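*Asks:* here is a sequence with its predicted model. Questions after.
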Amino acid sequence: MPSNAMERSSESLQKFFERFVWRHFFEDVNLQEPRLAGYVTNLLAEFARTDRLYRIHNAEGRRLEQVVETLIESHPLLDAGSFDRERAVRKHVGDYTLFMTGLFPESVARQRFAKPLRLDAFVDYVKAGKESYRIVSAFDQFEYRDEAPLFRELAENFELCVMGLNLVKQDLDELQRDYYAILKNAAENS
């Protein structure tokens, strides 16, 4: 897809998600922080593409799909190699765990009973997300100074963001049911 088309698609997704996120964050969970709502809206649009959801790769180039592997990749004394890499990977862990616990909590819960057992079955996604955002907020110098307070707020309000996203998920599920009903009705009446 040409970059202009991808940009327009991303903007459309942002506008689509924006009304749900802002309404639920401001009205339902009383999290009246425009920067948080904007960040989460952008996150939903970005993670709508699977390649963005699993964008972290290890040194060998293998895509990391488990939080445990990604946390190891973020450690500066193990695999991260630099503090900038630690920050980028920790930001992704925060984003990924927020996205999954907010929109796919049943998937996160199912991991505990999956066969074969995955390492992520032993990870508390909320704790990992909060800790990751807290670490990202500690990068508060130079080019990261302006973003640090946002990540501190994300860490402090992680559960409220999850609750808001759970409500967004309910809206998306309802839209999907409504759309299916319209298609089914159209098919029956044609």
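*Replies:* Now that the structure is in, tell me what you want to look at.
*Asks:* contact partners for the closest residue to F139 other than its chain neighbours?
*Replies:* Nearest residue to F139 in three dimensions, chain neighbours excluded: R87, at 4.9 Å (Cβ to Cβ, 6 or more residues apart in numbering). C-beta coordinates here come from the backbone N, C-alpha and C atoms, glycine included. Listed by Cβ atoms under 8 Å, 6 or more residues apart in numbering, the contact partners of R87 are I135, V136, F139, Y144.
*Asks:* same question, L53
*Replies:* Counted by Cβ under 8 Å, 6+ apart, L53 has contacts F47, Y96, F99.
*Asks:* can you show me the helices along this structure?
*Replies:* For the chain, the helices defined by DSSP state H cover 3-23, 34-47, 50-53, 67-74, 83-103, 105-110, 125-138, 148-156, 158-188.
*Asks:* any chance of JSON lines for those helices, columns distance to A59 and mean pLDDT?
*Replies:* Supplementary listing: the helices of the chain in JSON lines, determined by distance: least, Cβ to Cβ, whole Å; pLDDT from 0 to 100:
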{"stretch": "helix 3-23", "distance to A59": "28", "mean pLDDT": "81"}
{"stretch": "helix 34-47", "distance to A59": "24", "mean pLDDT": "97"}
{"stretch": "helix 50-53", "distance to A59": "19", "mean pLDDT": "91"}
{"stretch": "helix 67-74", "distance to A59": "8", "mean pLDDT": "90"}
{"stretch": "helix 83-103", "distance to A59": "10", "mean pLDDT": "95"}
{"stretch": "helix 105-110", "distance to A59": "27", "mean pLDDT": "93"}
{"stretch": "helix 125-138", "distance to A59": "20", "mean pLDDT": "98"}
{"stretch": "helix 148-156", "distance to A59": "25", "mean pLDDT": "98"}
{"stretch": "helix 158-188", "distance to A59": "29", "mean pLDDT": "91"}
